[in-house]
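Student: can't give you the sequence, but here's the structure:
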């Protein structure tokens, strides 16, 4: 398996190119909705399941003759839509995701993918997008390797980005565990975003809180405007720009933190908790702060960066009592609450910082897991940027029940 990395560049399309991108996005949204309708009716009426090959036949033989304007979008881009819908149905039948939903014009993500015929000209700061042409771009770093695909995304603020996936031709490094490995435990929380077992702490930027006052003011002004008016559109774009700014600041802080954890710590193995983030959102008093902290994004970045640099990632079970257990003597504190940031062990009389104590317990868990006491090796969830990434992950569970992959019927769809 070769290493794959994605580079995200800002695009500056002309008015005509922006209009063509809008038409391609509209074609992809229309095809998605028609394929979803076709697949749902086929399953409910006849119990048929269609593969991506079947959906491609439906596009070529039914949709394109009926709607000639679908030729505005490249054929391979529409095939990517059918592949995405087929993957969404497989995830639903594995019970890993909800049933696929129809895409709305003003609420769905506006993007399309070019699997071939894309080019990145770093010398002239431009990117070739099939169906659009050469588009001016800001290529802040020169990519290396073979271009696999390009995903163009149009944000609600109007900014356009191209995510270019490259395969550099180097094999993915295998994690090497020495005889005496250095293990780093990481505790994620809201007060301090991450506390490591080596004493390193990373503060929570709380980006949303810094811009919340301005955001509330703009949203109140938007509520007083007539929907659909020019002032309403301008104010809506201004709100989208502010949201994009908050997201960019948050991503920048998380990228710097995860790079420091994986590389600067010189750890051979990294231990994190398998947090139930969706369950944490049920706490309405903390749900906004939990979303702002982006615990899932932190784990996703640590996963693929550990893969890049040959580190071992260990995920402790979500029921592992890292905060309640004394890291010195092992006494279990059943009365610990979220308000208790410090507590003293009645057995060894050691005063613990809640987060530092949790990180030390995670480090001990990692050492025992590497010794073979914590169960079998399992791959974690794949990062969204690259389907071929696999990261070594050791869980404390003895086994994990895997749902069977329900295959789709390879029969040709009934076009009548």
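Tutor: Structure received. All values reported here derive from a predicted model rather than from experimental measurement.
Student: In terms of secondary structure, what does the longest helix along the chain contact?
Tutor: Longest helix of the chain, by residue count under DSSP state H: helix 15-46. Helices and strands touching helix 15-46, by 3 or more Cβ pairs under 8 Å, 6 or more residues apart in numbering; DSSP states H and E, are helix 52-58, helix 75-93, strand 110-114, strand 146-154. Every C-beta, even on glycine, is put in place using the N, C-alpha and C of the backbone.
Student: so which of those comes closest to residue 10?
Tutor: In terms of Cβ to Cβ, the element of the helices and strands packed on helix 15-46 nearest to residue 10 is strand 146-154, at 10.8 Å.
Student: picking up where we left off before, any chance of the helices and strands packed on helix 15-46 in a markdown table, with distance to residue 323, mean pLDDT and mean neighbour count too?
Tutor: Listed next are the helices and strands packed on helix 15-46 as a markdown table, based on distance: least, Cβ to Cβ, whole Å; pLDDT from 0 to 100; neighbours: other Cβ atoms under 10 Å:
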| stretch | distance to residue 323 | mean pLDDT | mean neighbour count |
| --- | --- | --- | --- |
| helix 52-58 | 45 | 94 | 20 |
| helix 75-93 | 33 | 94 | 19 |
| strand 110-114 | 40 | 95 | 22 |
| strand 146-154 | 39 | 95 | 19 |
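Student: which ones are touching the nearest residue to residue 80 once chain neighbours are set aside?
Tutor: Distances taken as Cβ to Cβ, 6 or more residues apart in numbering put residue 113 closest to residue 80, at 4.5 Å, once the chain neighbours are dropped. Taking Cβ atoms under 8 Å, 6 or more residues apart in numbering, we find residue 113 in contact with 77, 80, 149-152.
Student: ok, now with 10 Å
Tutor: Shown in contact with residue 113 (Cβ atoms under 10 Å, 6 or more residues apart in numbering): 28, 74, 76-77, 79-81, 83-84, 149-153, 163, 165.
Student: Relative to residue 185, how far out is the residue of the chain positioned farthest from its centre?
Tutor: Most distant from the centre of the chain: residue 347, at 43.2 Å, with distances by Cα atoms, centre = their mean. The gap separating residue 347 from residue 185 is 22 Å, by Cβ to Cβ, to the nearest Å.
Student: need the helices for the stretch 101-250 of the chain, in chain order.
Tutor: In the stretch 101-250 of the chain, the helices defined using DSSP state H, counting those that start in this stretch lie at 207-224, 230-259.
Student: Kindly reformat those as JSON lines containing distance to residue 144, mean pLDDT and mean neighbour count.
Tutor: Putting those into JSON lines (distance: least, Cβ to Cβ, whole Å; pLDDT from 0 to 100; neighbours: other Cβ under 10 Å) gives the following:
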{"stretch": "helix 207-224", "distance to residue 144": "32", "mean pLDDT": "94", "mean neighbour count": "13"}
{"stretch": "helix 230-259", "distance to residue 144": "19", "mean pLDDT": "94", "mean neighbour count": "15"}
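Student: Of all these, which one comes closest to residue 7?
Tutor: Evaluated with Cβ to Cβ, those place helix 230-259 nearest to residue 7, the distance being 13.5 Å.
Student: any idea which helix or strand comes after that closest one?
Tutor: For helix 230-259, the following helix or strand on the C-terminal side (DSSP states H and E) is strand 269-273.
Student: pLDDT weak spots in the protein?
Tutor: Applying pLDDT under 70 to the chain flags residues 373-416.
Student: how's it carved up into domains?
Tutor: Residue ranges for the domains of the chain, per automatic domain parsing: 2-171, 183-203+264-394.
Student: Need these in CSV (columns: distance to residue 224).
Tutor: Converted to CSV, those look like this (distance: least, Cβ to Cβ, whole Å):
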stretch, distance to residue 224
domain 2-171, 20
domain 183-203+264-394, 24
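Student: between those domains, which one is nearest to residue 227?
Tutor: For residue 227, the closest of the domains of the chain is domain 2-171, at 11.4 Å, according to Cβ to Cβ.
Student: so how far is the closest one from its chain's centroid?
Tutor: Computed by Cα atoms, centre = their mean, to the nearest Å, the chain-centroid distance of domain 2-171 equals 17 Å.
Student: Could you do stretch 276-288 as well?
Tutor: Relative to the centre of its chain, stretch 276-288 is centred 18 Å away, using Cα atoms, centre = their mean.
Student: Likewise for stretch 278-290?
Tutor: When distances are taken as Cα atoms, centre = their mean, stretch 278-290 is centred 19 Å away from the chain's centroid.
Student: For the residue nearest to residue 80, give the beta-bridge partners.
Tutor: On the basis of DSSP bridges, residue 113 is bridged to residue 151.
Student: Using neighbour counts, pick out the buried residues of the longest helix of the chain.
Tutor: In terms of neighbour count (16 or more other Cβ atoms under 10 Å), helix 15-46 has its buried residues at 17-18, 20-21, 23-36, 38-39, 42.
Student: Just the angle for that helix relative to strand 146-154, thanks.
Tutor: On the basis of axes from the mean of the first three to the mean of the last three Cα atoms, to 10 degrees, helix 15-46 is oriented at 90 degrees to strand 146-154.
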